[in-house]
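Q: Structure of the sequence below:
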Amino acid sequence: MSDTAADLRAPALPKPRGALSEAVIGRLTEGTPLPAVAVAAGTDPYGDDLQLALYLCYELHYRGFSGVDPALEWDPGLLGVRRALEDRFLAALRRDATRHETVDEAVAGLLVEPVRGASISHHLWHEGELWQLRELAAQRSLYHLKEADPHAWVLPRLWGRAKAGMAAVEFDEYGGGRADRIHARLFAALMEDLGLDTTYGRYVDSAPAPMLATVNVMSLFGLHRALRGCLVGHFATVEITSSPASRRMAGAMRRAGAGPAAEFFYDEHVEADAVHEQVVRREVIAGLLDEEPSLEADVAFGVDATVHLDERLERHVLAAWRDGRTSLRGRGLPARSDTGARMRATRAGGPAGTDDWADMSG
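A: Just a heads-up that it's a prediction; the model follows:
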């Protein structure tokens, strides 16, 4: 099978994590009835079950799942459950994440760099190990193997300067017309350097709820025209914070000997996202608010929600790593398959309580 054919394959369905996600999977595979939408009311809005159920619903709008009828993308029952899950998630975000009333205040907060060690990229830059870089890449593959796709939903909902600026940045994310430079493909090359499986959706079962939430919020904002301002706020957060974080990540990849493609992915984002930041601030945000000033609170909330979810993920990941544990669900990642990678993995060690680095001789 060619690389292109492999890229287009729909992923396998993940394992359920509770009653909600089990019901959604049952609907997708066997057409079983769905629970009343009220069942979402008593579920943790940030928890594994709700976030996986929401992820399953959203992925029907991207690549779907192997063996699942594509027509289920518009199944009324699934859409009703998705709406109930979204309402609970969004209500929690509005309650917990709202910090700023204006875009200027929200953006100003993004320009303040976290202190050393207070972010994942700081930790990896200064003291991260190869097994931690692999774990982070596996988690982030849920987004980066479809990088820019959730944000593309907003393009038909913008016009003028905002649309032109957004399209310009997205064009870069999609390789500027070159298939080999599409950022999702560059991330797949990074994963190969780290000895990871590049199959789309491969690591969903390993991803903890805080990671699922950071991916789901993009689709939540992107698939609703009423939340277009929130999506612009999310996009601005990603682009404004990316360049300095990518610089640290590139340094972490070099220090750990991750490989040239792993380094290149982040080197590319250092330069590209420094430019994108200016376009997003001066054209996308300014253009949107010139046309629709009433969306300012939504843009600010989009920033706040993104920061809130990123901080939840950072707390989860760093707490696990500082205890010497895997940040992933289950027992961690399987051992790397290539000889050079195995040697580096042996030098790097692995998290306590996992079989990540077992059977290095075979």
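Q: The helix or strand where Ala106 lies: how far from the chain's middle?
A: Applying DSSP states H and E as the criterion places Ala106 in helix 103-110. Using C-alpha atoms, centre = their mean, to the nearest Å, the mean C-alpha position of helix 103-110 is found 22 Å from that of the whole chain.
Q: So for that helix, mean pLDDT?
A: Here helix 103-110 scores 89 as its mean pLDDT.
Q: Other residues contacting it?
A: With contact meaning C-beta atoms under 8 Å, 6 or more residues apart in numbering, helix 103-110 is reached by 99-100, 233, 236-237, 240-241, 281, 285, 289, 296, 299-300, 303-304, 307. C-beta coordinates here come from the backbone N, C-alpha and C atoms, glycine included.
Q: just the buried members of these?
A: Neighbour-count burial (16 or more other C-beta atoms under 10 Å) applied to the contacts of helix 103-110 gives 100, 233, 236-237, 240-241, 281, 285, 289, 296, 299-300, 303-304, 307.
Q: Cross those residues against strands and list the overlap.
A: Taking DSSP state E, every one of the buried ones among the contacts of helix 103-110 sits outside strands.
Q: What are the boundaries of the strands in the stretch 251-362 of the chain?
A: Applying DSSP state E, counting those that start in this stretch to the stretch 251-362 of the chain gives no strands.
Q: need the contact list for the closest residue in space to His276 that isn't next to it in sequence.
A: Among residues not flanking His276 along the chain, Glu239 sits closest, at 4.4 Å (C-beta to C-beta, 6 or more residues apart in numbering). By C-beta under 8 Å, 6+ apart, the contact list for Glu239 reads 169, 273, 276-277, 280.
Q: coming back round to it: which one of the buried ones among the contacts of helix 103-110 is nearest Arg140?
A: The closest of the buried ones among the contacts of helix 103-110 to Arg140 turns out to be Thr241 (C-beta to C-beta; 14.1 Å).
Q: Not including adjacent chain positions, what is the nearest residue to that closest one?
A: Leaving aside its sequence neighbours, Thr241 sits nearest to Leu110 (C-beta to C-beta, 6+ apart; 5.7 Å).
Q: how many other residues sit next to that neighbour?
A: Counted with other C-beta atoms under 10 Å, the neighbours of Leu110 add up to 18.
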